[in-house]
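In: Sequence and predicted structure, then a few things I'm wondering about:
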Amino acid sequence: MACTPRWPSARHGLPPRRADSSVSPVQSARHPLAQRVGHFCGKVICTVTAYLHCLSHTPLLGHVDPEPAILAEVDGVIAAARERIAAFDPELVFLFSPDHYNGFFYDIMPPFCIGTQAHAIGDFGTAAGDLSVPQELAEDCVAAVLADDVDVAISYTMQVDHGFAQPLEFLLGGLDCKPVIPVFINGVAVPMPSFRRARRLGEAVGRYARSLDKRVLFLASGGLSHQPPVPELANANAHLRERLTGGGYHLPPDEREARTQRVIHAAHRFVQDQNSLHPLNPQWDQGFMATLASGRLEELDGLANAELSALAGKSTHEVKTWMAAFAALSVYGNYQTSHHYYRPIPEWIAGYASMSGQPLDVPPQTAWPSYPSPTQETPR
Ligand SMILES: O=C(O)/C=C/c1cccc(O)c1O
Ligand SMILES: [Fe+2]
């Protein structure tokens with residue numbers, strides 16, 4: 001597979017971006033570390049051994065899109081993130097992502113699962129094919145996480161959907177461009193793990209990653225506030241129940257198409273009427289990002305799942321991938337975030353967000369410059 005993303009930029013024919021295009025000179029000067037591969041620790045320049053990027057996903061991209069200016073804005077955010085990641089040149093990637101009843105069902109629904117092999121199904125036209133999973137490292141990771149008191153399942157035939165495929169394609173250029181350990185976090189199928197457990201999982205993965213002495217990239221996929229019409233067992237008729245309890249691993253084409261069209265239709269309706277689904281919650285989303293940026297990850301430990309669903313929608317639980325990725329990064333010490341971007345995008349049924357992070361030897365900033373409007377990337 002050629003490691004060139006179909007989107008952003010290429011698919012929409014936008015001009016190629018120069019390095020740093022998302023950061024103004026003033027902002028670059030204020031945050032010189034954000035673009036560097038090395039950072040100062042004491043008197044020497046240390047190699048950054050970990051980097052983080054969290055990104056919302058949406059299978060509606062290319063099906064129901066916002067106006068071109070917003071599309072170009074998101075394109076710029078993702079292209080710049082991809083450039084930063086390329087500069088970091090990760091040797092190993094840990095990707096935390098949910099699933100949407102495409103690879104994980106109620107026959108056995110684990111809260112967490114690490115794949116030693118994985119295959120993307122290509123739903124909604126996203127990339128299909130095998131991920132490049134280093135099997136022995138993935139096996140070692142499972143063993144290390146279990147030894148670290150976090151119970152995680154293992155899959156030798158993990159089936160994944162747009163949740164995994166989109167960040168791999170957008171940020172790394174394709175499904176198999178970098179060695180990746182896929183870490184599934186259940187974010188749709190009740191009962192779900194808590195923020196606290198996601199944090200503990202992330203810390204355990206982070207401790208394993210740190211033991212490897214490699215340049216490691218932690219990616220998280222999903223969120224923020226949203227509630228697309230993902231099927232639910234509680235309201236399922238007999239046919240859907242059969243699918244959700246294990247008969248859905250290989251949907252016939254007509255059912256796949258019906259499911260895709262249902263979501264596309266819901267997105268069109270949502271653009272017209274933002275009460276047709278659970279409304280997006282920009283305030284909650286931005287507060288969540290600020291909490292992660294502050295380093296106070298435990299603050300979310302006590303937020304009950306039902307409360308989160310009520311605040312920001314039933315699919316908001318996808319943000320536990322962000323929690324896990326930040327917890328993994330926190331194992332490397334204090335961190336600094338950068339390149340915060342947030343915009344509610346009804347066309348994509350998503351509070352759409354993007355944020356990077358890297359270790360720092362000084363305490364992380366606790367304040368995040370205000371959220372003047374959701375239109376601008378807010379590097380810091
Ligand atoms: O798989 C689906 O049916 C819907 C997925 C979806 C829609 C909108 C935002 C998301 O994060 C999704 O995963
Ligand atoms: Fe999702």
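Out: Alright, I've got the coordinates. Ligands and ions are numbered 1, 2, ... in the order given.

In: what's the neighbour count on residue 277?
Out: Per other CB atoms under 10 Å, the neighbour tally for residue 277 reads 20. Just so you know, the C-beta spots here come from the backbone N, C-alpha and C atoms, and that holds for glycine as well.

In: That one against residue 349, yeah?
Out: Yes. With contact defined as CB atoms under 8 Å, residue 277 reaches residue 349; the gap is 6.6 Å.

In: Common neighbours of those two, please.
Out: 226-228, 266, 270 (CB atoms under 8 Å, 6 or more residues apart in numbering).

In: Pick out whichever of those sits closest to residue 178.
Out: Comparing those against residue 178 with CB to CB places residue 226 closest, at 27.5 Å.

In: Quick check, that closest one in contact with residue 353.
Out: No. The pair residue 226 / residue 353 is not scored as a contact, 10.9 Å apart, by CB under 8 Å.

In: the more surrounded of these two?
Out: residue 226 (31 against 27).

In: mind listing what whatever residue of the stretch 201-350 of the chain ends up closest to ligand 1 touches?
Out: Closest to ligand 1 within the stretch 201-350 of the chain is residue 228: 3.4 Å, counting by CB to the nearest ligand atom. Contacts for residue 228 (CB under 8 Å, 6+ apart) come out as 263, 266-267, 277, 315, 349.

In: Format the residues you listed as CSV; extra columns: distance to residue 331.
Out: CSV is the format used below for the contacts of residue 228 (distance: CB to CB, whole Å):
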residue, distance to residue 331
263, 36
266, 39
267, 38
277, 37
315, 28
349, 33
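
In: what does this protein have sitting close to ligand 1?
Out: Residues of the chain lying close to ligand 1 by CB under 6 Å from any ligand atom are 57-60, 100, 222, 226, 228, 230, 263, 315, 349-350.

In: Could you pull out the buried residues of stretch 273-283?
Out: 277-282 (16 or more other CB atoms under 10 Å).

In: make that stretch 257-268, sorry
Out: 259-260, 263, 266-267.

In: Please apply the same query to stretch 328-335.
Out: 328-332, 335.

In: Among these, which ones are in helices?
Out: Among the buried residues of stretch 328-335, the members falling in helices (DSSP state H) are 328-330.

In: want to throw these into CSV with pLDDT?
Out: Listed next are those as CSV, based on pLDDT from 0 to 100:
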residue, pLDDT
328, 98
329, 98
330, 98
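
In: Turn these into TSV, including distance to residue 197.
Out: Shown next, in TSV, are these (distance: CB to CB, whole Å):
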residue	distance to residue 197
328	14
329	18
330	16
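
In: Can you tell me the SS state at the nearest residue to residue 293 once chain neighbours are set aside?
Out: Nearest residue to residue 293 in three dimensions, chain neighbours excluded: residue 337, at 4.2 Å (CB to CB, 6 or more residues apart in numbering). Following DSSP: H, G, I helix; E, B strand; the rest coil, residue 337 is assigned to strand.
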